[in-house]
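> Sharing a model prediction with you, sequence too.
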Amino acid sequence: QAQLVESGGGSVQSGGSLRLSCTGSRLTYRSNCMGWFRQAPGKEREKVAAIISGRQTSADSVKGRFTISQDNAKYTVYLQMNKLKPEDTAMYYCAVGDCAGTIWVRTVRWGQGTQVTVSS
């Protein structure tokens, strides 16, 4: 089935860690353009991190705390989240994109989302 399946969300205390996983298939996974987005209640969805042609990028708000990685043989992308803060609380979505060079042009497929809740 052509889909992205996320796992690894949950509830943690401030300062804790979580690792999100997103597994696709040969039909859905693009090794050169995968990313993680998040959406908090009442806020727009924002790109947290992406891995584009092997190069990692991340939003300023998570730099030094979140790391994106991938295992292409498993069609899987990961998001390691350390030093979590209450403001990281959101629904996290895996995404496949169309990328040009090092630019995320648009998202072409979304995962179903996994909730991350960080308590103070």
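Nice, I can see it. Numbering: from 1, shown residues only.

> Only C-alpha atoms from now on, for both contacts and neighbour counts.
Noted.

> Find me the pLDDT at residue 12, would you?
If you check residue 12, the pLDDT there is 98.

> Bridged to it, which residues?
Listed beta-bridge partners, residue 12: residue 118 (assigned using DSSP bridges).

> That one contacts residue 117, doesn't it?
Yes - here residue 12 reaches residue 117: they are 6.4 Å apart, a contact under CA atoms under 8 Å.

> who touches the longest strand belonging to the chain?
If each strand of the chain is counted by residues according to DSSP state E, the longest one is strand 90-100. With contacts defined as CA atoms under 8 Å, 6 or more residues apart in numbering, strand 90-100 is touched by 4, 6, 22, 28-30, 32-41, 52, 104-117.

> mind listing what residue 19 touches?
Residue 19 neighbours (CA under 8 Å, 6+ apart): 8, 9, 78, 79, 80, 81.

> Hmm, residue 13 and residue 120 touching each other?
Yes - between residue 120 and residue 13 there is a contact at 6.0 Å, judged by CA under 8 Å.
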